[in-house]
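> sequence first, predicted coordinates after that:
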Amino acid sequence: MEFDALFLSRLQFAFVIAFHIIFPAFTIGLAAFLAVCEGLWLATKHDVFRRLYLHWVKIFAVAFAMGVVSGVVMSYQFGTNWSVFSDKTASVLGPLLGYEVLTAFFLEASFLAIMLFGWKRVGPRLHFVSTLIVAVGTTVSAFWILAANSWMQTPAGYGLDSGGRFYATGWIEVIFNPSFGARLAHMLLAAFITTAAAVLAAGAAQTLRKRTSPPTRFQMRMAAATLALLMPVQIWAGHWSGEIARDYQPAKLAAMEGWWQTREGQPTILFALPDEGAQRNRAEIAIPGLGDIVVGGEKPLKGLDAFAPDERPPVSITFWSFRIMVGAGLGLFALGLWGLALWRAGTLDRPGLFHRLAVPGGGLGFIAVVAGWIVAEVGRQPYTVYGLLRTEDSVSPVAAGAVAGSLLVFVTVYAIIFTAGALYMARIAVRGFDDEPAELSKGASALAAG
Amino acid sequence: MDLPLIWAFLIALAVMLYVLLDGFDLGVGILALFADDEAERNVLAASVEPVWDGNETWLVLGGGGLFAAFPLAYAILMPAFYLPVLIMLAALIFRGVAFEFRHKAVGARTKKFWNGAFSGGSLVAAFAQGLILGAFVQGVEVEDRAFAGGAFDWLTPFSLLVGVSVVVGYVLLGATWLILKTEGATREGALKWARRAAIGVGLAMAAVSLATLSIDPRVTERWGISMSHVELGQIARLAPIPLAASGLFFWLWRDLTRPGAPDWRPYVLSAGLFLTGYLGLAASLFPYAVPFAKTVWETAARDNALGFLLVGALVLLPIILAYTAYVYSLFWGKVKPGEFYHG
């Protein structure tokens, strides 16, 4: 592997986008959670919802700020490091990203100000509307960015001019391209699940420190129920994405599954060490024939041998990221079911093994999101626009030294702000609900039983 | 319909709004270097806390809009300005998270670190934006459809001059914003800084204008002067820009040195001064999207892409401006100590 501008730019893009996606994944879910809490508060006047809101909005502010600053970076990456890609795809992707700014970013930024600072300046209803607008804004942002990404995976509604530049022949086909629906569903569910896991972890940490209060109990129940209810839906959405990969990106599917041969009765591989040199798996543990049943579609299902070596994605990364994602998701499903069982038994508030596992479990959602995106993006290789524009033909004419320098800067800066941000969020989350802001303390004694 | 021309106007407008809006909050960040104590620093930060994020979104629109509307310009300029863009982004990251982190930090040393990140990030971001502007104005080497210069082409005496000028300009916007938003000793301090920065801006605008005139014969000719002759008609056509700048400058100076001017006026006059500088640059460089290599028409995206996004922009931009104005009006008035603190 050569440390040229191409390789370093890929590494840098992978790093800055993986760092960035953590925060939208969290804020999409958290904004929805906050909207639910504030809505319930307005409807029931139960103080527990108001305390939940005031508590989580502080964490939201930190996560949102980190999402904003790492997002500004993304809007310049295409130009600084992928200028040829930009030149060739902008007449299709440009408007999608432009609409993201116009329909989502301004909305979020402006109404976030009311959410955070507007308590004394607007009434409770308008404040709730602001929270709703921010929640909708985060989702609209996901809509556009996933439309753009999905178009790169399964391009549709386009033509190519003599200079190899894409143009749109139908905007509906571009936006609602074949993989868009599945990807949007998969990502939004991932955001809700990731947030639920983090909320559960915070409640579990409070319980272990014997700082349980009515909001703690409510947030743990809500989080466990969300995990248990949404994980089956997420498995379905993931399966839907898999079917689309089977039909549109069979090389990606073959790498995910670790299938080297095209044949009837493909296995489901539980463990293997793919050997790309020998084009086979080592130490494979597999269930024969299950792959054919799970994936469905026309048989025989293609293996990597159906593609020339320079048309295949990196196998080990795709294969293992897929397993990490699935494993993390199943772990969260188990936590959700376990939490529900404890709720029924009336022991969800008593510290135990569940709580000790739920605390690190708060990271599983983030791990699954990043691993899932690695499957999607590495699995799309060696293309940026699948089947049409190769990654090596997309990179900017910049010096390797400049990219090495920028990568070093991003790693350093992100390490600092990630450490600080994660620490501050964890500190607030674990501290519990004894942090009543003075300006809002009237009626705080009327605590509702969670 | 000339869609590239419309988009050139819209993106110029977005960048202009970015400069006027994020300019003052970056300026406030720079001035926080000189805050007397933590309480004053909190007041300074609170004066921009509800609006900085929205302000910075205009930069995202500028970057995203350039990608969407003038992809070839974006594809040439971004690699050309690789390092200053990187510096700007790193600085904006630090100062952006510092708004939150400086409240969340517990230890005295980490608090100091994030206060430093807030001010230092603001200063470096402003300087980097000036470097980028200077490098843009001086022109970029292009071969075929790509940047063909070196990694440090942007680093010249001219770009350094523009870098310093932008810092001084943002300090003026920040100081006049603080005249509007603060009271008592903080406001007095802001007034003092506004006077210093106004002198700096006057000198900087004169220096940058003269330097710009000598950068490329095409610019000089645009202003009616060439090696062989002077064209008075052309000079007269563009003369209103420097004349307006001088008028605004003296009006601002009056407001800053004599009592009685309303608190909003110094900021508005400073913004007006920025606007004249901006118009002067636009008049010098039009129609280049990549000076002096590619025009807006040569770099524009397909008409159907420009049209598709224009429909949305024409509907959404007025709405965005309306709710932005609403948020500004909601947080109108002097900042009270302790306001917005949400540790």
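Sure, I can see it.

> what helices or strands is the helix or strand where A:Ile59 lies leaning on?
Assigned by DSSP states H and E, A:Ile59 belongs to helix A:47-81. Applying 3 or more C-beta pairs under 8 Å, 6 or more residues apart in numbering or on different chains; DSSP states H and E, we find helix A:47-81 packed against helix A:5-44, helix A:83-100, helix A:106-117, helix A:214-248, helix A:400-431, helix B:52-69, helix B:71-80, helix B:82-104. All C-beta atoms are positioned from the backbone trio N, CA, C, and that covers glycine.

> dump those to JSON lines, plus mean neighbour count and distance to A:Ala202.
Converted to JSON lines, the helices and strands packed on helix A:47-81 look like this (neighbours: other C-beta atoms under 10 Å in any protein chain shown; distance: least, C-beta to C-beta, whole Å):
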{"stretch": "helix A:5-44", "mean neighbour count": "21", "distance to A:Ala202": "11"}
{"stretch": "helix A:83-100", "mean neighbour count": "26", "distance to A:Ala202": "30"}
{"stretch": "helix A:106-117", "mean neighbour count": "25", "distance to A:Ala202": "20"}
{"stretch": "helix A:214-248", "mean neighbour count": "20", "distance to A:Ala202": "7"}
{"stretch": "helix A:400-431", "mean neighbour count": "17", "distance to A:Ala202": "4"}
{"stretch": "helix B:52-69", "mean neighbour count": "26", "distance to A:Ala202": "25"}
{"stretch": "helix B:71-80", "mean neighbour count": "28", "distance to A:Ala202": "40"}
{"stretch": "helix B:82-104", "mean neighbour count": "24", "distance to A:Ala202": "16"}
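
> those: which one's closest to A:Val174?
helix A:83-100 (5.9 Å; C-beta to C-beta).

> any idea of the angle that closest one forms with helix B:52-69?
Helix A:83-100 and helix B:52-69 are oriented at 130 degrees to each other (axes from the mean of the first three to the mean of the last three C-alpha atoms, to 10 degrees).

> now do B:Lys104 against A:Thr419, distance only.
13 Å (C-beta to C-beta, to the nearest Å).

> what do you get for B:Leu161?
Per C-beta to C-beta, B:Leu161 is found 38 Å from A:Thr419.

> on that earlier part again, distance from the chain centre to the helix holding A:Ile59, please.
14 Å (C-alpha atoms, centre = their mean, to the nearest Å).

> quick one, that helix and helix B:71-80 angle?
Using the same axes, to 10 degrees: helix A:47-81 against helix B:71-80 is 90 degrees.

> name the residues of helix A:47-81 that are buried.
Across helix A:47-81, burial judged by 16 or more other C-beta atoms under 10 Å in any protein chain shown covers A:47-81.

> quick one, that helix and helix A:106-117 angle?
140 degrees.

> average pLDDT for helix A:47-81?
Helix A:47-81 carries an average pLDDT of 91.

> okay, the angle between it and helix A:400-431?
Using the same axes, to 10 degrees: helix A:47-81 against helix A:400-431 is 180 degrees.

> which residues touch the residue in the stretch 101-250 of chain B that chain A sits nearest to?
Per C-beta to the nearest C-beta, B:Lys104 is where the stretch 101-250 of chain B lies closest to chain A, at 4.0 Å. By C-beta atoms under 8 Å, 6 or more residues apart in numbering or on different chains, the residues touching B:Lys104 are A:Val62, A:Tyr424, A:Arg427, A:Ile428, B:Gly343.

> please redo it, this time with the cut-off set to 10 Å
B:Lys104 sits next to A:58, A:61-62, A:420-421, A:423-425, A:427-428, B:97, B:110-111, B:114, B:342-343 when contact means C-beta atoms under 10 Å, 6 or more residues apart in numbering or on different chains.

> just curious, which of these is nearest to A:Phe410?
B:Val97 (14.2 Å).

> the closest one contacts A:Val68, correct?
Yes - B:Val97 lies in contact with A:Val68 (C-beta atoms under 10 Å); the separation is 8.8 Å.

> so how far is A:Asp247 from A:Gly303?
Counting by C-beta to C-beta, the gap from A:Gly303 to A:Asp247 is 16 Å.

> now stretch B:330-339: buried residues?
Under 16+ other C-beta under 10 Å, the buried positions of stretch B:330-339 are B:Leu330, B:Phe331, B:Val335, B:Glu339.

> of those, which are in range of chain A?
Here is what survives when those are matched to chain A using C-beta under 10 Å from any C-beta of the partner chain: B:Leu330, B:Phe331, B:Glu339.

> what values do phi and psi take at the nearest residue to the second one once chain neighbours are set aside?
Spelled out, that is B:Phe331. Leaving aside its chain neighbours, B:Phe331 sits nearest to B:Pro50 (4.6 Å; criterion: C-beta to C-beta, 6 or more residues apart in numbering or on different chains). When read as degrees, to the nearest 10, the backbone of B:Pro50 gives phi -70, psi -10.

> does B:Pro50 touch A:Ser130 like I think?
No - look at B:Pro50 against A:Ser130 with C-beta under 10 Å: they stay out of range, at 11.7 Å.

> quickly list what's touching both of those two.
Common neighbours of B:Pro50 and A:Ser130, counting by C-beta under 10 Å, 6+ apart, are A:Ser110, A:Leu112, A:Ala113, A:Ile114, A:Leu116, A:Gly118, B:Val327.

> how much space separates the third one from B:Val51?
From A:Ala113 over to B:Val51 the distance is 7 Å, taken as C-beta to C-beta.

> which residues are in contact with both of the two?
Counting by C-beta under 10 Å, 6+ apart, the residues touching both A:Ala113 and B:Val51 are B:Thr324, B:Val327, B:Tyr328, B:Phe331.

> so where's the chain uncertain?
In the absence of a named chain, this looks at chain A. Along chain A, the model assigns pLDDT under 70 to residues A:1, A:434-450.

> chain B was what I was after
Chain B contains residues with pLDDT under 70 at B:340-343.

> which one in chain B is furthest away from the centre?
Distance to the chain centre peaks in chain B at B:Ser228, reaching 35.7 Å (criterion: C-alpha atoms, centre = their mean).
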